[in-house]
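> below is the sequence, then the predicted model.
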Amino acid sequence: MSKIIGIIPARYASTRFPAKPLIDIAGKSMIQRVYEQASQATALSTVVVATDDQRIYDHVLSFGGRVVMTSTEHPSGTDRCFEAFLKISSAQAAEEGEDFIPYRYVINIQGDEPFIQPKQIEILADCLNGVTEIATLVKQIEDSTTLFNPNTPKVIFDNHFNALYFSRQTIPLLRGVAPEEWLKAYTYYKHIGIYAYRTDVLAQITQLPVAALEKAEALEQLRWLSNGFKIKVAITPYDSFGIDVPNDLEEAKKWLG
């Protein structure tokens, strides 16, 4: 298996939920919960938080985590991951010298999913054979609310598990079938927002301009598909739950049991 680094982007100035990484969830901050969950994934050689804020930086150090400071100017977590990858690789190469083995892949672990399962990371890592350019997870949709929710991106993929398209619309449209029957007639998948990038590909996609499809759907991965990159999908049985706004904290309590 290729050497993999897990990077958790964590910025302070979220528009909908400022200071989100530092919120308390049953005695631990959200970023600590994400870090501890990711650290259980045996496929990862290293787990690092990439932040743009001194408060988050100091907090990660306080619970014994590894963290790197990055620019406040990054438009996406992908860009933040790339800067963090470059800094960490450079520091490790200087420290380890000839013993340093370069990372082949970066896994971008969402900093607002405190209940991510280590197994989800392992499933994604199993796709990373050196040929795979980008990989992500999908999960079967089992209820109509999720199926028709525009805040839940859907994905269709080919017989080789390469993504064909991501959309906030319900895809594919089943012609001649009543919408309430769609789940019975077809297997739909939603996107689970964790990405793995081959490091040379990560360097390329962070230089791409915004694509028309990306702008239309507000989905960053459409920029990569528009430019000919392949995104491998792996099916996970595990769901995910991201905390986007303060009201999501009530739902988080249910996940804690």
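Arrived safely.

> and the strands in the stretch 101-250 of the chain?
105-108, 134-140, 154-157, 163-167, 189-198, 231-235 (DSSP state E, counting those that start in this stretch).

> in the second one, which residues are buried?
For strand 134-140, the neighbour count (16 or more other Cβ atoms under 10 Å) marks 134-139 as buried. The way it works is simple: take the backbone N, C-alpha and C, and place the C-beta from them, glycine included.

> and if you look at the longest one?
Within strand 189-198, the residues that qualify as buried by neighbour count (16+ other Cβ under 10 Å) are 189-198.

> what's the most distant pair in these?
Largest separation among the buried residues of strand 189-198 by Cβ to Cβ: Lys190 and Arg198, giving 24.3 Å.

> where does the stretch 151-257 of the chain dip in pLDDT?
Residue ranges of the stretch 151-257 of the chain with pLDDT under 70: 253, 255-257.

> actually, the stretch 1-150 of the chain.
For the stretch 1-150 of the chain, the ranges with pLDDT under 70 are 1.

> stretch 50-57 spans what distance, first to last residue?
8 Å (Cα to Cα, to the nearest Å).

> swap in stretch 138-158?
End to end - Cα to Cα - stretch 138-158 spans 13 Å.

> only the buried residues of that stretch, if you could.
For stretch 138-158, a neighbour-count test (16+ other Cβ under 10 Å) marks 138-139, 141, 146-147, 153-155, 157 as buried.

> distance from it to the middle of the chain?
16 Å (Cα atoms, centre = their mean, to the nearest Å).

> please convert the buried residues of stretch 138-158 to TSV, extending it with distance to Lys3.
Output for the buried residues of stretch 138-158, formatted as TSV (distance: Cβ to Cβ, whole Å):
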residue	distance to Lys3
Val138	25
Lys139	27
Ile141	34
Thr146	35
Leu147	38
Pro153	30
Lys154	32
Val155	28
Phe157	27
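
> pull the most distant pair out of these.
Maximum distance among the buried residues of stretch 138-158 (Cβ to Cβ): 17.8 Å, for Thr146 and Phe157.

> so what's Gln32 up against?
Counting by Cβ atoms under 8 Å, 6 or more residues apart in numbering, Gln32 makes contact with 59-60, 63, 65.
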